[in-house]
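Asks: Below are the sequence and a predicted model for it; my questions follow.
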Amino acid sequence: MVVHPSPARPAAVEQEIRFCRGQDDVRLAYAIHGSGPPLVVVSCWLSHLQHDWQSPVWRHFLDQLGEIATVVRYDERGFGMSDWKVDDFSLEARVGDLEAILTAAGLDRFALLGMSGGSAVAMAYAIAHPERVSRLILYGTVCGKPPTLSADEWAEEETFRNMIRVGWAKEDADFRRVFTKRFIPDANEEQMRWFDDLQRMSTSPANAVASRIARQQVDIHNDLPRITAPTIVLQATGDRSTAFDNAVSVSSRIPGARLVSLESRNHILLADEPAWRVFMGEVSAFLERERRDHAERTPQRPAEELSPRERDVLRLAAEGRTNDEIAATLTVSVRTVERHLSNTYAKLGLSGRVARAAAVAAYLRRQLD
């Protein structure tokens, strides 16, 4: 499934949306776009793959990260285009979902970007699979342990949970606007309205509360020193959603981690603020080695080298078709499809489990040339 940007917006990139199953058979939606070394974005609390693609709040993240990497991102269980009928929002279930998506995408080694509530999953995965994570980027990170709240703070948290239960699904956005102002206090009205809508369409009130509670029970703080991947932690100094102290705590416990402070009040950096340029500059520099190695391993080959049938096979693969489905569409054997794909990989200079995803990304990129 290929989702096109809004006609009103220049079509700089496209995303391909696919589906797979988690360990407990939960349907998971993930998307691929961009070019370069693989960068897996571990989902934050609120997301919707298709809605975010049109977003005045998120689209600059997608566009500019896609310019430096092949971005793989997904909707968490219970959110967006993934299954909403789930009961388990534990860290273990969420790490299992990430593992399922990595298998489906054919990725062996990659950089991880853990954003907001997704940072715990990214850190847990980096602890469990150090050989697969080339670099770890944490943005708006949680501290990795349950919060210690005063009586007043617990009363405030209960108020937030009740606001979700009462107002999340209502047409009127008054309750959701409270959360919007915590996430993007410096946004304009258009951006705030979009985030108001994202909350309602991204999940149900029950899922939002259950997921929030599960996130507050995560306890991996003592395991953070086991992370061996080069790590950068980026945090807005005025963020009211995740405190700057969280970033200080995490960066002090991960060996060699570097903390970058961003002068912003927004949990989600907006495209027109200086902190966004700092963020992209830091992330680009941090991934420079991966980008250089990827360019050396993947020489640019003209699409004209592919035969018409090889292009047909790759086009159907880019639509998310399986080899069996491609064979049925083209009235050839599955073995013939496999042979065409092998030839395509060789011509594009690709190999390994990532070859299919990389070939699809190359096809989508060249369609826009």
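Replies: Perfect, I can see it now.

Asks: Quick check: the residue lying closest to His60 once chain neighbours are set aside vs Val166, distance?
Replies: For His60, ignoring the flanking residues on the chain, the nearest one in space by C-beta to C-beta, 6 or more residues apart in numbering is Ala271 at 3.9 Å. Just so you know, the C-beta spots here come from the backbone N, C-alpha and C atoms, and that holds for glycine as well. Relative to Val166, Ala271 is positioned 33 Å away (C-beta to C-beta, to the nearest Å).

Asks: how many neighbours does the residue nearest to His60 have?
Replies: The tally of other residues near Ala271 (other C-beta atoms under 10 Å) stands at 15.

Asks: Also Lys85?
Replies: Residues near Lys85, counting by other C-beta under 10 Å: 10.

Asks: my guess is it is in a helix, correct?
Replies: No. Looking at Lys85 with DSSP: H, G, I helix; E, B strand; the rest coil, it is coil, so not inside a helix.

Asks: show me the contacts for it.
Replies: Lys85 makes contact with no residue, according to C-beta atoms under 8 Å, 6 or more residues apart in numbering.

Asks: quick thing: my sequence starts at 34, can you match it?
Replies: Happy to do that; since the first residue is 34 now, the last one works out to Lys118.

Asks: So for it, what's the pLDDT?
Replies: If you check Lys118, the pLDDT there is 95.

Asks: beta partners for the residue lying closest to Val104 once chain neighbours are set aside?
Replies: What sits nearest to Val104 in space, not counting adjacent residues and going by C-beta to C-beta, 6+ apart, is Gly67, at 4.6 Å. Taking DSSP bridges as the rule, Gly67 bridges to Thr103.

Asks: what residues are up against Gly67?
Replies: 46, 98-104, 394.

Asks: Could you rerun that using 7 Å?
Replies: Shown in contact with Gly67 (C-beta atoms under 7 Å, 6 or more residues apart in numbering): 46, 98-100, 102-104, 394.

Asks: one step back: separation between the residue nearest to His93 and Thr174?
Replies: From Ala304 to Thr174 the distance is 22 Å (C-beta to C-beta).

Asks: before we move on, what about Leu383?
Replies: 33 Å.

Asks: what does Val59 give?
Replies: 25 Å.

Asks: pretty sure Ala64 belongs to a helix, no?
Replies: No. Counting by three-state DSSP, Ala64 falls outside a helix, being strand.

Asks: so where do the helices sit in the stretch 34-183 of the chain?
Replies: Applying DSSP state H, counting those that start in this stretch to the stretch 34-183 of the chain gives helices spanning 82-86, 92-99, 124-138, 152-161.

Asks: Now tabulate the ones you listed in TSV and tack on mean pLDDT.
Replies: TSV is the format used below for the helices of the stretch 34-183 of the chain (pLDDT from 0 to 100):
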stretch	mean pLDDT
helix 82-86	93
helix 92-99	94
helix 124-138	95
helix 152-161	97
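
Asks: Of those, which is nearest Asp326?
Replies: helix 92-99 (18.0 Å; C-beta to C-beta).

Asks: Now do that closest one: which elements does it pack against?
Replies: strand 60-67 (3 or more C-beta pairs under 7 Å, 6 or more residues apart in numbering; DSSP states H and E).

Asks: Quick one: distance of the strand it packs on to the chain centre.
Replies: 8 Å (C-alpha atoms, centre = their mean, to the nearest Å).

Asks: do stretch 60-73 as well
Replies: Worked out by C-alpha atoms, centre = their mean, stretch 60-73 lies 7 Å from the chain centre.

Asks: per-residue confidence averaged over that stretch?
Replies: Rounded mean pLDDT across stretch 60-73 is 94.

Asks: In CSV, list the C-alpha atoms belonging to that stretch.
Replies: This file holds the C-alpha atoms of stretch 60-73, laid out as CSV (Å, rounded to 0.1, in the frame of the first residue of the first chain):
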residue,chain,number,x,y,z
ARG,A,60,-1.9,-6.7,13.9
LEU,A,61,0.8,-4.1,13.6
ALA,A,62,1.1,-1.4,11.0
TYR,A,63,4.5,-0.1,9.9
ALA,A,64,5.7,2.3,7.2
ILE,A,65,9.0,2.7,5.2
HIS,A,66,10.2,5.9,3.5
GLY,A,67,13.3,7.7,2.6
SER,A,68,16.8,6.6,1.6
GLY,A,69,20.1,5.7,3.3
PRO,A,70,20.9,3.5,6.2
PRO,A,71,18.0,2.1,8.2
LEU,A,72,16.7,4.2,11.1
VAL,A,73,13.9,2.6,13.1
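
Asks: Other residues contacting stretch 244-252?
Replies: 78, 111, 122-124, 150, 153, 175, 177-180, 194.

Asks: can you do 8 Å?
Replies: Taking C-beta under 8 Å, 6+ apart as the rule, stretch 244-252 contacts 78, 109, 111-112, 122-124, 150, 153, 175, 177-180, 193-194, 197, 236.

Asks: ok, now stretch 360-371?
Replies: 342, 345-346, 349, 354, 356-357, 359.

Asks: for those, which one is nearest Val283?
Replies: For the contacts of stretch 360-371, the nearest to Val283 is Arg354 (41.2 Å; C-beta to C-beta).
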